[in-house]
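S.K.: Next comes the sequence, and after it the predicted model I'd like to discuss.
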Amino acid sequence: MIRIAAILLLFPLQAAAEGIPIPLGDIYIQLEVTAQPRIEVEKPQGGWYSSIKLDNSEENQSLFQAKVPVTVKLRRQDGFKIAVKDQLILIHQNKPELTFSPAKVSWGKDQGNLSLLSNIPQVFTVNKGTASQTKNDYILHISALAPTEKNTVGKYHGQLTLIFETNS
């Protein structure tokens, strides 16, 4: 009796292995796939910046600045929010009492349309078009004034944390 039951249990597997259709009845399946909103922020060539070097301005030797390109990819979004977590203050590597002025961090599509960022999220919209995914290039601009004391030469460091969020 057990032997017969085992053979009956294996029969559907054998039929399926031989490509014989096994009717299962009328089963209606409806599948709905929803892609969640997504944001990707990177260098135009991919990856991210491990460090950004600020250079002094030819017009003003105490003004140091950097301008770096950033690509933002959005899926199922027509905009995003960006904020600075904490102020960027560059500190001398060996003399922590020497600091730059709090850096001004700006963001925009081109040099003429930069918006000053703060800890309050700022909304940027994109032309979504017909595609569910968009890719836009931006400029991240950082500027700060060097310390006014004497003997300020040396390496300075600081941490800039930008917070990007989808508008959903």
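M.R.: Received the coordinates, thanks. Numbers count the residues shown, from 1 in each chain.

S.K.: mind listing what's buried in stretch 115-135?
M.R.: For stretch 115-135, burial by neighbour count (16 or more other CB atoms under 10 Å) applies to 117, 124, 134. C-betas here are computed from N, CA, C, even on glycine.

S.K.: could you measure the residue nearest to the spatial centre of the chain against K73, distance?
M.R.: Central residue of the chain (CA atoms, centre = their mean): V41, 2.7 Å from the mean position. Counting by CB to CB, to the nearest Å, the gap from V41 to K73 is 8 Å.

S.K.: do N113 as well
M.R.: Taking CB to CB, one finds N113 at 20 Å from K73.

S.K.: Could you do K85 as well?
M.R.: According to CB to CB, K85 and K73 sit 22 Å apart.

S.K.: which one of those two has more residues nearby?
M.R.: K73 (14 against 11; other CB atoms under 10 Å).

S.K.: quick one: the more buried one and Q133 touch, right?
M.R.: Yes: under the criterion of CB atoms under 8 Å, K73 makes contact with Q133 at 6.6 Å.

S.K.: So what does P44 look like in phi/psi?
M.R.: Per-residue torsions, P44: phi -60, psi -30 (degrees, to the nearest 10).

S.K.: Give the full set of residues in contact with it.
M.R.: Residues counted as contacts of P44 (CB atoms under 8 Å, 6 or more residues apart in numbering) are 69-71, 137.
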